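**Student:** Based on what follows, work out the 3D shape:
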Amino acid sequence: MSVLRNSLQRATRQKLFLPIFCMVLVLLINLMKSASFFSIAINNGVLYGRLIDILNRGSEIAILAVGQTLVVAVSAGTDISVGSVMSLSACGCCTLLAGYGVNSTSTLVMPMALGMLGGVLLGGLCGAFNGVLVANLKIQPMVATLILFTAARAIGLLLCDNQITYIRYDPYKYLGNFIPGIPIPTAIFVTIAVISVAALFLRKTSLGLYIQSVGVNSRAAHISGINSGWICFLCYLICGLCSGIAGIVASSRIYSADSNNIGLNFELDAILAVALGGNSLAGGKFTLAGSIIGAYTIQAITTTLLAMGVSTDQAPVVKAIIVVIIVVVQAPVFRDWIGNRSARKLTIAKVAAESGSGEGVA
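**Tutor:** Residues are numbered from 1 along each chain as shown. The predicted structure follows:
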């Protein structure tokens, strides 16, 4: 019994325990609601099922969570412009492919790959702008990113000549939907690629260590020879690139650039994904895996609410309540309180046992 208790205590101390526990809890609630929740079927040559839908629809949030995790870790602040930058990147890509002022087109004015690359680079440019404000001008991250949070969608509308630009070119739809002959949604492959590249750089280079060092104490990191400003700028640049990629995926889903709706409120989900993943919003140590789990947990909650018939107007309220509960459970203060209560109970039990044994000897 004591071995089982010790193993459980060791498991609960792991940083990914609570994110995984919350994810499993949401999935089990879905399973109790619908016995066919985990069922996956092939229809018209593509995979269908709730799990596939969660992995597919959660791709943009997961991609955003990668960049948001680095930003939070390095600057103890959040980038609230990622949703708007998504929209701007989508508008920039569609404008490059269709031409300025074109409402709908089935022929492209430039190669599709070049247009998509332009959209991603536009997101990177936005990230660089935020990075300069935070790293060089020392502006508080939320204030610095508030500029593009407000302006990026308006710039996107200007690029699209105040209209929705439709790209009715079939290959453009593949990135956000399915490639013919492949049953798995393409967005899942894109997410895996982004996460893999980020994890590779963080593990195989010193970047992850530098980010944590700057996040813990930027002045000490600078004294030790780390260019704190450059590391901070690089994290915001990566966040902008992730926003650009997510914007292209979102645009491909609807084969258009809808500046008012693409990425709407996604910045909140990205920040929540980082928090649900067990990362401290005060910066420093971080876990990328936790943020990815948090992103899919949020999408699972959204899918659950829609499946239960909760209207899109009411869903954010229920979702907020669930997220608050999960965040409170993961809060260090709450965990310390639970740990202290457990320690007190254990101490009382030991004292009672010793008292009982003492009386028996007497």
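**Student:** which stretches of the chain form strands?
**Tutor:** Assigned strands in the chain, in chain order: 41-43, 46-48, 104-105, 165-167, 256-257 (criterion: DSSP state E).
**Student:** Mean confidence (pLDDT) on the last one, please.
**Tutor:** The reference is to strand 256-257. Average pLDDT, strand 256-257: 95.
**Student:** my read: residue 163 touches residue 102, true?
**Tutor:** No: counting by C-beta atoms under 8 Å, residue 163 does not reach residue 102; the two are 9.1 Å apart. Yep, even glycine has a C-beta here, placed from its N, CA and C like the rest.
**Student:** coming back round to it: out of the strands of the chain, which is the most enclosed?
**Tutor:** strand 256-257 (a mean of 26; mean count of other C-beta atoms under 10 Å).
**Student:** Contacts for it next, please.
**Tutor:** With contact meaning C-beta atoms under 8 Å, 6 or more residues apart in numbering, strand 256-257 is reached by 87, 90-91, 93-95, 156, 160, 164-167, 251.
**Student:** ranges for the helices of the stretch 201-350 of the chain?
**Tutor:** With helices called from DSSP state H, counting those that start in this stretch, the stretch 201-350 of the chain shows them at 207-216, 218-223, 228-254, 266-276, 288-307, 315-330, 332-361.
**Student:** could you dump stretch 25-36 to CSV, C-alpha only?
**Tutor:** C-alpha atoms of stretch 25-36 as CSV (Å, rounded to 0.1, in the frame of the first residue of the first chain):
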residue,chain,number,x,y,z
LEU,A,25,-11.0,14.0,-17.4
VAL,A,26,-12.5,16.0,-20.3
LEU,A,27,-12.2,12.9,-22.6
LEU,A,28,-13.9,10.7,-20.0
ILE,A,29,-16.8,13.1,-19.6
ASN,A,30,-17.2,12.9,-23.3
LEU,A,31,-17.1,9.2,-23.2
MET,A,32,-19.8,9.1,-20.5
LYS,A,33,-21.9,11.4,-22.6
SER,A,34,-21.5,9.4,-25.8
ALA,A,35,-20.2,5.8,-25.9
SER,A,36,-19.1,6.4,-29.5
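**Student:** Could you give me the buried positions within it?
**Tutor:** Of all the residues in stretch 25-36, those buried under the rule 16 or more other C-beta atoms under 10 Å are 26, 27, 30.
**Student:** Could you check which of residue 163 and residue 102 has the larger neighbour count?
**Tutor:** residue 102 (18 against 14; other C-beta atoms under 10 Å).
**Student:** Need the pLDDT of the residue nearest to the more buried one when sequence neighbours are not counted.
**Tutor:** Distance criterion C-beta to C-beta, 6 or more residues apart in numbering; nearest residue to residue 102, sequence neighbours excluded, is residue 165 at 6.6 Å. According to the prediction, residue 165 has pLDDT 95.
**Student:** Can you tell me how far residue 165 is from residue 92?
**Tutor:** Relative to residue 92, residue 165 is positioned 10 Å away (criterion: C-beta to C-beta, to the nearest Å).
**Student:** ditto for residue 279
**Tutor:** Taking C-beta to C-beta as the measure, residue 279 falls 30 Å from residue 92.
**Student:** Which one of the two is surrounded by more residues?
**Tutor:** residue 92 (29 against 26).
**Student:** so who does that one touch?
**Tutor:** By C-beta under 8 Å, 6+ apart, the residues touching residue 92 are 118, 119, 122, 156, 159.
**Student:** quick one: which of those residues is nearest residue 324?
**Tutor:** residue 156 (32.0 Å; C-beta to C-beta).
**Student:** Spatially central, which residue of this protein would that be?
**Tutor:** Nearest residue to the geometric centre of the chain (C-alpha atoms, centre = their mean): residue 65, 2.3 Å.
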